[in-house]
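Q: quick one, fold the following:
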Amino acid sequence: MSATPPAPGARSISIRLAVIVVLVLAFTLLTGLVDGGVGVSPAQALIQPSFLLANALPGLLLAALLLVLSRRALLSFGLAFLLQALVYGINSLKVNHLGTPLMPADFHMLGQLRRGGLPLLGSYMPTSPWPYLCVIGSVIAMLIAWRIEPPLFARRTRGKRLWSGVSLLALLATLLAGMPGWAKIYGGGYLWLEPWSASATADHSGLVSSLLMFHLHQGHAGKQADASAAQQLIERSNVALRARLKSTTQDQGETPDIVVVQSESFFDPSILKGYEHTDLIPHLRRLATQGESGPLHVPTFGGGTIRTEFEVLTGLSLRYFDDLQFPYLQMNNKIVPSLVRTLRAHGYETMALHGNDPGFWNRITAFRAIGFDHFASRADFPTRAAMDGQYMADSAMTEAIMDRLKDAGPPQFLFAISIEAHGPYDVTPADVAARDAMPVPDGITGKHKRELQNYLYHLQHADQELGRLADLLARRDRPTLLLFYGDHLPALTDTFHSAGFIDGKDMLSQASTWLLVNPRNPIPAMHEALASWMLPGRLLEQAGIRDDAYFALTQVIAPELVALTQAPGASPAAGEGVGNAADEDMANVALLRFKGKLEPMLPKAELQIAEAGEVEADVPGESFDAAGARQ
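A: Numbering: from 1, shown residues only. Coordinates of the predicted model:
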């Protein structure tokens with residue numbers, strides 16, 4: 001007796017379900033193939049299928065939503081995969097230039113595209129036409145699919161499409177919002193999560209899963225300051241801290257002006273193999289014999305200038321703020337304790353200078369919160385300010401600094417942000433002959449040689465302008481302290497991989513450099529490694545301002561913590577990890593400081609010029625002038 005054949009409608013439903021199942025499997029496997037991570041490769045499909053599925057799940061949810069809307073399976077899964085492939089393409093660009101994968105905070109950069117970020121970020125896009133042709137071809141294929149692919153199900157489904165669409169949209173929204181319920185999958189206990197290494201996490205769990213895990217980890221970390229632990233650190237440091245607060249000033253004369261130059265991508269090439277005996281920065285070496293200098297541990301590599309900038313201006317280590325990858329874009333504080341506010345409390349006029357768009361990196365809002373009186377940007381420089389390569393020349397910055405320094409009136413603090421040496425390094429500079437004369441280590445050839453030479457060309461300009469600026473400041477009637485430092489190493493990842501560093505460590509573990517000098521009054525040379533968040537305390541000491549207990553504490557604790565500051569993704573430094581009491585306690589100090597709750601716990605100097613409460617009560621913005629923002 002033969003079995004009754006299935007009804008035509010049942011057969012149709014089975015075929016449609018089979019199509020969807022095949023597309024889900026294909027989407028999941030192709031996502032792992034494009035990802036390239038060892039934990040989500042198609043070869044792992046039978047060993048740990050949940051890793052592949054978790055990494056593909058957001059794309060599958062998007063494809064399902066598109067399917068409900070369009071009723072076309074190939075179109076929906078193809079469009080979802082194309083959008084996902086764009087994310088992977090952007091990730092590839094970041095890895096190639098900066099050596100680290102995408103992180104959730106990187107998506108804040110989308111808001112910077114209309115604030116002067118499009119030309120800068122766009123310069124990192126591929127120059128080959130093939131990626132763009134692939135995108136155009138994919139879009140055309142999607143349009144063709146829309147026209148010729150038959151619908152998988154009827155248009156009218158008595159509300160089923162509506163409810164399905166709303167449910168899928170809500171599910172996607174909760175996922176993107178990082179709702180705690182998703183922690184069962186992306187909380188880190190199920191997949192492979194290494195909070196200290198985005199690269200390792202992405203390699204084992206996939207890029208998409210990595211983004212979601214860090215999104216949940218950072219968004220719901222709920223880090224609370226332990227006031228008792230902070231108090232213990234302060235008490236342990238009490239003797240040394242009070243000694244610094246009671247110290248007499250080194251310069252009993254006139255209050256010095258202060259000029260800080262944050263030099264784009266500046267570092268000492270002698271740490272790179274092939275340059276051990278080549279002096280490419282003679283002016284910095286000359287000035288180092290007249291003041292303080294040394295390696296500078298910074299919290300970023302190849303980009304992310306505002307990470308180092310934030311640490312220098314606030315004295316706060318981003319190591320203690322997991323959720324602030326790009327602090328200017330993410331912080332909501334209207335008032336931020338800072339070096340700038342301390343100097344204002346001592347009568348300084350404060351100004352920031354930058355030869356680029358003032359809105360990029362949200363500097364207008366951030367500088368107002370940090371306490372600057374004025375912010376002069378690209379529009380405030382002369383129309384014919386010198387350019388070299390893609391950006392304003394460092395020589396124009398030197399001119400702007402000297403034009404704004406006055407010989408009378410209150411002391412001045414000028415914070416200058418250079419940009420000439422900013423990447424990418426494939427733009428022809430003004431003096432090709434000088435560029436071509438730059439020495440290159442053996443084994444660096446082709447475009448990598450040209451990029452390295454372009455960078456060194458701009459590096460030497462930065463060094464020359466440092467020497468010129470110091471000589472000009474030495475001839476002023478008023479004393480001037482000059483702090484110069486590099487914000488990070490340049491994004492020359494292929495060159496660094498090929499050449500290597502003399503200490504044997506990777507590029508993410510390398511230090512930049514710093515210099516603090518009074519050009520008019522040289523002192524015996526002192527060489528010391530510091531972290532960027534320790535610079536403001538050192539600067540205030542040299543300026544004779546010793547009544548800010550927090551900045552004094554950063555100097556007391558510096559020797560124990562200096563090497564812990566590294567770029568995201570770097571191998572753990574010696575002394576890092578659970579068990580370092582000073583590091584754990586300083587994290588609580590920093591959190592309390594950022595929230596404005598630390599000052600009552602700190603000892604007071606004998607001659608306190610302004611109480612912390614009075615400084616914090618000052619509302620920034622009432623006199624803040626960002627002339628370059630008035631476009």
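
Q: could you pull out the helices in the stretch 201-350 of the chain for me?
A: Defined through DSSP state H, counting those that start in this stretch, the helices belonging to the stretch 201-350 of the chain, from first to last, are 207-219, 227-236, 238-246, 282-288, 305-314, 327-330, 339-345.

Q: and these: which comes nearest residue 454?
A: In terms of Cβ to Cβ, the element of the helices of the stretch 201-350 of the chain nearest to residue 454 is helix 305-314, at 18.6 Å. (Each C-beta comes from the backbone N, C-alpha and C, glycine too.)

Q: all the helices of the stretch 501-631 of the chain, residue numbers only.
A: Using DSSP H, counting those that start in this stretch, the helices found in the stretch 501-631 of the chain span residues 535-542, 549-561, 581-594, 612-617.

Q: ranking these by burial, who's on top?
A: Highest mean neighbour count of the helices of the stretch 501-631 of the chain: helix 535-542, a mean of 22 (counted as mean count of other Cβ atoms under 10 Å).

Q: pull that helix out as CSV, backbone CA atoms only.
A: Taking only C-alpha atoms (Å, rounded to 0.1, in the frame of the first residue of the first chain), the coordinates of helix 535-542 have been written out as CSV:
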residue,chain,number,x,y,z
LEU,A,535,53.3,64.9,31.9
PRO,A,536,51.0,67.6,33.4
GLY,A,537,52.2,66.9,36.9
ARG,A,538,55.8,67.2,35.8
LEU,A,539,55.1,70.4,33.9
LEU,A,540,53.4,72.0,36.9
GLU,A,541,56.4,71.1,39.1
GLN,A,542,58.8,72.8,36.7
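
Q: run through the stretch 101-250 of the chain and note the low-pLDDT ranges.
A: Of all residues in the stretch 101-250 of the chain, those with pLDDT under 70 make up the ranges 108-125, 194-197, 218-223, 246-250.

Q: got it, and the chain?
A: Within the chain, the segments meeting pLDDT under 70 span 1-11, 98-99, 108-125, 194-197, 218-223, 246-253, 574-579, 605-623, 627-631.

Q: can you do 50?
A: 1-2, 7-8, 248-251, 607-622, 628-631 (pLDDT under 50).

Q: excluding its backbone neighbours, what's nearest residue 233?
A: Once flanking residues are discounted, residue 233 sits nearest to residue 585: 3.7 Å by Cβ to Cβ, 6 or more residues apart in numbering.

Q: I meant to write residue 96 there.
A: Distance criterion Cβ to Cβ, 6+ apart; nearest residue to residue 96, sequence neighbours excluded, is residue 493 at 6.5 Å.

Q: and the one you found, how far is that from residue 317?
A: In this structure, residue 493 and residue 317 are separated by 25 Å, where distance is defined by Cβ to Cβ, to the nearest Å.

Q: for those two, indicate the residue with more neighbours.
A: For residue 493 against residue 317, the residue with the higher neighbour count under other Cβ atoms under 10 Å is residue 317, and the figures read 24 against 19.

Q: residues in contact with the residue lying closest to the more buried one once chain neighbours are set aside?
A: Leaving aside its sequence neighbours, residue 317 sits nearest to residue 533 (Cβ to Cβ, 6+ apart; 4.4 Å). By Cβ atoms under 8 Å, 6 or more residues apart in numbering, the contact list for residue 533 reads 311-312, 314-318, 554, 565.

Q: now do the end-to-end distance for stretch 34-52.
A: Stretch 34-52 has an end-to-end distance of 12 Å (criterion: Cα to Cα, to the nearest Å).

Q: how far does it sit from the chain's center?
A: Centroid separation between stretch 34-52 and its chain, computed with Cα atoms, centre = their mean, to the nearest Å, is 30 Å.

Q: name the residues that touch it?
A: Everything outside stretch 34-52 that qualifies as a contact, by Cβ under 8 Å, 6+ apart, is 28-29, 31-33, 55, 84-85, 88, 190-192, 202-209.

Q: returning to that earlier point: just send the contacts of residue 533 back as CSV, with distance to residue 41 too.
A: Conversion of the contacts of residue 533 to CSV gives the following (distance: Cβ to Cβ, whole Å):
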residue, distance to residue 41
311, 38
312, 42
314, 43
315, 45
316, 40
317, 37
318, 33
554, 45
565, 34
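
Q: for residue 191, see how far away residue 184 is.
A: Taking Cβ to Cβ as the criterion, residue 184 is separated from residue 191 by 11 Å.

Q: more neighbours: which of these two?
A: Ranked by neighbour count (other Cβ under 10 Å), residue 184 and residue 191 place residue 191 first, with 23 against 9.

Q: and the residue nearest to that one when sequence neighbours are not counted, how many neighbours?
A: The shortest distance from residue 191 to any residue that is not its chain neighbour, by Cβ to Cβ, 6+ apart, is 4.3 Å, and that residue is residue 205. Close neighbours of residue 205, defined as other Cβ under 10 Å, add up to 27.

Q: separation between residue 205 and residue 183?
A: From residue 205 across to residue 183, the span is 14 Å (Cβ to Cβ).

Q: wait, doesn't the residue nearest to residue 96 sit right on residue 97?
A: Yes - the criterion here is Cβ atoms under 8 Å, and residue 493 meets it with residue 97 at 6.6 Å.

Q: which neighbours do these two have in common?
A: When contacts are counted by Cβ under 8 Å, 6+ apart, residue 493 and residue 97 are jointly contacted by residue 302.

Q: residue 369 belongs to a helix, doesn't it?
A: Yes - secondary structure of residue 369, determined by DSSP: H, G, I helix; E, B strand; the rest coil: located in a helix.

Q: ok now do it, which residues does it touch?
A: Applying Cβ under 8 Å, 6+ apart, one finds that residue 369 lies in contact with 331, 333-336, 620.

Q: now residue 91
A: Shown in contact with residue 91 (Cβ under 8 Å, 6+ apart): 101-102, 207.

Q: same list, the residues you listed, but as JSON lines with distance to residue 20 and neighbour count please.
A: Supplementary listing: the contacts of residue 91 in JSON lines, determined by distance: Cβ to Cβ, whole Å; neighbours: other Cβ atoms under 10 Å:
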{"residue": "101", "distance to residue 20": "31", "neighbour count": "25"}
{"residue": "102", "distance to residue 20": "29", "neighbour count": "22"}
{"residue": "207", "distance to residue 20": "25", "neighbour count": "26"}
